[in-house]
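Colleague: kindly generate the corresponding structure for this input.
(chains A, B, C and D)
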Protein chains: 2
Amino acid sequence: MKLEEELKQEKFQSEHQKAMLNILFTSNWLEADSARILKPFDISSQQYNLLRILKGQGDQAISVNNIMSRMIDKMSNASRLVEKLRKKELIERVICEHDRRQVDVRITKKGLNVLQEADKDMGKFSNITSKITQLEATQLSGLLEKIRA
Amino acid sequence: MKLEEELKQEKFQSEHQKAMLNILFTSNWLEADSARILKPFDISSQQYNLLRILKGQGDQAISVNNIMSRMIDKMSNASRLVEKLRKKELIERVICEHDRRQVDVRITKKGLNVLQEADKDMGKFSNITSKITQLEATQLSGLLEKIRA
DNA sequence: ATTATATATATGTATATACATCTAATGTTT
DNA sequence: AAACATTAGATGTATATACATATATATAAT
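Modeller: Residues are numbered from 1 along each chain as shown, chains lettered A, B, ... in the order given. Okay, here's the model as predicted:
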């Protein structure tokens, strides 16, 4: 849907301005969609993101700092997020031997199960695969990376 | 900067997956940047967005609902946001005559001044104008709108 | 070794947000 | 007109987040 309709605005200052608002708007749109999908699993999209990162590490536990550097939103309270997932037993903590400040984190069996179920639903919805071609996806990433350059 | 570097991830499931993460990441990136720029003016980016909407209406006051439908993030607490800006005297409220449930809102002189100053700084930074061409901006909007279709 | 500095994570606190509920005014039905 | 339904906005409450600061451990400097 055209941004003009979404924001009830006839025209924008410039194509650049419109593109920027489009990024913010689309991000919120995707975020709202995934929050809705994840709700039945009782996890936020940040928590989902964190679980996916841990899944990617397999058996290897990684530190909170390491997690933070891989997250989409680089927020400051990663330890509280970890604590929430730990209470739900979706992840577990391992005291790191060579650096006792550090807390390494690993996804649990239960976490993997929840993630697997959540992934099924996530695949169905906010599925941009059906909306744009693979080439377009690559172009899109290219443009966004140019902006952040 | 390549998303692979930003998220310390060697590869992604698919170009579609990468594009989606790129949208979310870029949005957070822009958001963080504008929050930083707006901080000296003591307004959040949501408040900035609201002021811009009101400026676009000129002298005409518009309802809280109308504002909400024009905002980038369609959140539920528009009235609290309005109240915050009113306390700062950046906007003013007008009781609507033909529907007394409705509260119409208009930007004040002070609000226009703050906005003008803020706009100067906003123009300098997160300025995507220098990063991509006008044609590319149009392409980007087109791709994002396709995703939301 | 002692002191200073840096790092990893945790926590206190203020503010923001989501979601549900509430109130007042308007519109609709009978 | 009375009863019901809908709409505009406000508010209570629980949770989330940002930002500053604290704590413990590790590293570097003297």
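
Colleague: which residues touch whichever residue of chain A sits closest to DNA strand C?
Modeller: Closest residue of chain A to DNA strand C, C-beta to the nearest atom of the strand: A:Ser79 (2.3 Å). Quick note: C-beta positions are derived from backbone N, CA and C, even for glycine. Contacts for A:Ser79 (C-beta atoms under 8 Å, 6 or more residues apart in numbering or on different chains) come out as A:Val64, A:Val103.

Colleague: in a strand, it, correct?
Modeller: No. Assigned with DSSP: H, G, I helix; E, B strand; the rest coil, A:Ser79 falls outside any strand and is helix.

Colleague: mind checking the longest helix of chain A?
Modeller: The longest helix of chain A (DSSP state H) is helix A:15-38.

Colleague: what's it packed up against?
Modeller: For helix A:15-38, the elements it packs on are helix A:3-6, helix A:45-56, helix A:109-124, helix B:15-38, helix B:134-148, judged by 3 or more C-beta pairs under 8 Å, 6 or more residues apart in numbering or on different chains; DSSP states H and E.

Colleague: quick one: mean pLDDT over stretch A:82-96.
Modeller: Mean per-residue pLDDT for stretch A:82-96: 93.

Colleague: name the residues of that stretch that are buried.
Modeller: Buried residues in stretch A:82-96, defined by neighbour count with 16 or more other C-beta atoms under 10 Å in any protein chain shown: A:Val82, A:Lys84, A:Leu85, A:Arg86, A:Leu90, A:Ile91, A:Glu92.

Colleague: among the helices and strands packed on helix A:15-38, which is nearest DNA strand D?
Modeller: Proximity of the helices and strands packed on helix A:15-38 to DNA strand D was assessed by C-beta to the nearest atom of the strand; the nearest stretch is helix A:45-56, lying at 5.3 Å.

Colleague: so the closest one, near chain B or not?
Modeller: Yes. Remark: helix A:45-56 sits within contact range of chain B at A:Gly56, by C-beta under 8 Å from any C-beta of the partner chain.

Colleague: how far is that helix from where the chain is centred?
Modeller: Centre-to-centre, helix A:45-56 and its host chain are 7 Å apart (C-alpha atoms, centre = their mean, to the nearest Å).

Colleague: number of nearby residues for the closest residue to chain B within chain A?
Modeller: Closest contact between chain A and chain B, by C-beta to the nearest C-beta, is at A:Ser27 (3.2 Å). Residues lying near A:Ser27 (other C-beta atoms under 10 Å in any protein chain shown) number 23.

Colleague: contact partners for A:Thr26?
Modeller: Counting by C-beta under 8 Å, 6+ apart, A:Thr26 touches B:Ile23, B:Ser27, B:Leu144, B:Ile147, B:Arg148.

Colleague: check those residues against DNA strand D, which are close?
Modeller: Among those, not one lies near DNA strand D by C-beta under 7 Å from any atom of the strand.

Colleague: any of these buried? List them.
Modeller: Burial by neighbour count, judged by 16+ other C-beta under 10 Å, picks out B:Ile23, B:Ser27, B:Leu144, B:Ile147, B:Arg148 from the contacts of A:Thr26.

Colleague: dump those residues to TSV, plus pLDDT.
Modeller: Shown next, in TSV, are the buried ones among the contacts of A:Thr26 (pLDDT from 0 to 100):
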residue	pLDDT
B:Ile23	96
B:Ser27	94
B:Leu144	97
B:Ile147	95
B:Arg148	93
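
Colleague: do you know the pLDDT at the residue nearest the centre of chain A?
Modeller: Taking C-alpha atoms, centre = their mean as the criterion, A:Asn49 is the residue nearest the geometric centre of chain A, at 4.1 Å. On the pLDDT scale, A:Asn49 is placed at 94.

Colleague: quick one: the residue nearest to A:Gly56 when sequence neighbours are not counted from A:Ala149, how far?
Modeller: With C-beta to C-beta, 6 or more residues apart in numbering or on different chains as the measure, B:Gln9 is the residue that lies nearest to A:Gly56, at 7.3 Å, once sequence neighbours are left out. Counting by C-beta to C-beta, to the nearest Å, the gap from B:Gln9 to A:Ala149 is 19 Å.

Colleague: of those two, who's got more company?
Modeller: Each of B:Gln9 and A:Ala149 has its neighbours counted (other C-beta under 10 Å); B:Gln9 has more, 14 against 10.

Colleague: hmm, the residue nearest to the centre of chain A is touching A:Met71, no?
Modeller: Yes. A:Asn49 is within contact range of A:Met71, at 5.9 Å (criterion: C-beta atoms under 8 Å).

Colleague: look at A:Val105 and give its secondary structure.
Modeller: Following three-state DSSP, we place A:Val105 in the strand state.
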